[in-house]
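**Student:** show me the folded form of this:
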Amino acid sequence: MGVSEGVDSVVEPAASGPEDSSIGTLLSQLVDDGENFVRAEIRLYRAQAIARLVEARTAVAMIAVAAVILLASAIALLVGLIFILAPYLGRVGAVAVVIGLALALAWILVRVALAKLRKATDPDASPAEPDLGGGR
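**Tutor:** Down below sits the predicted model:
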């Protein structure tokens, strides 16, 4: 794997003549060169990881904003349902029906999610085959 731009130092080969290059000196230079290469690779991967984290941070922030907007829309929908039902059931009746339906839906979703979590974390259960969308 090559070292790309942005790496601080480039290791130059040792400028020594053949007369003073012993095996020990060459091995020492090899170890130093290897260490410098590994350090440069680490700096490169670190820079790449930081760049990806910055991109991911922006995406996570956008998802959080979208979740807040979605929640506000759900609240507006529930309030709208209350206004629609109020002439037929009265204000209290409309609120009771809408809250009851919302709580029932939430309870069903939690029960299904907990059942799936129990199944997914059960060490004795065999994993289900993934649905790859092949259509048989």
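**Student:** from here on, just use CA atoms for contacts and neighbour counts.
**Tutor:** Noted.
**Student:** for the spatially most central residue of the chain, give me the pLDDT.
**Tutor:** Nearest to the geometric centre of the chain sits residue 56, at 7.3 Å (CA atoms, centre = their mean). Per-residue pLDDT puts residue 56 at 89.
**Student:** can you tell me the helix or strand for it?
**Tutor:** Using DSSP states H and E, residue 56 sits within helix 23-121.
**Student:** and for residue 124?
**Tutor:** Assigned by DSSP H and E, residue 124 belongs to neither a helix nor a strand.
**Student:** for it, phi and psi?
**Tutor:** The phi/psi pair for residue 124 (degrees, to the nearest 10) reads phi -90, psi -20.
**Student:** burial measure for it, as a count.
**Tutor:** As a burial measure, residue 124 scores 7 neighbours (other CA atoms under 10 Å).
**Student:** could you do residue 90 as well?
**Tutor:** 13.
**Student:** got a pLDDT number for it?
**Tutor:** Predicted confidence (pLDDT) for residue 90: 95.
**Student:** that one and residue 99, how far apart?
**Tutor:** 14 Å (CA to CA, to the nearest Å).
**Student:** over to residue 83?
**Tutor:** Distance, residue 83 to residue 99, using CA to CA: 13 Å.
**Student:** now residue 68
**Tutor:** Applying CA to CA, the value for residue 68 to residue 99 is 20 Å.
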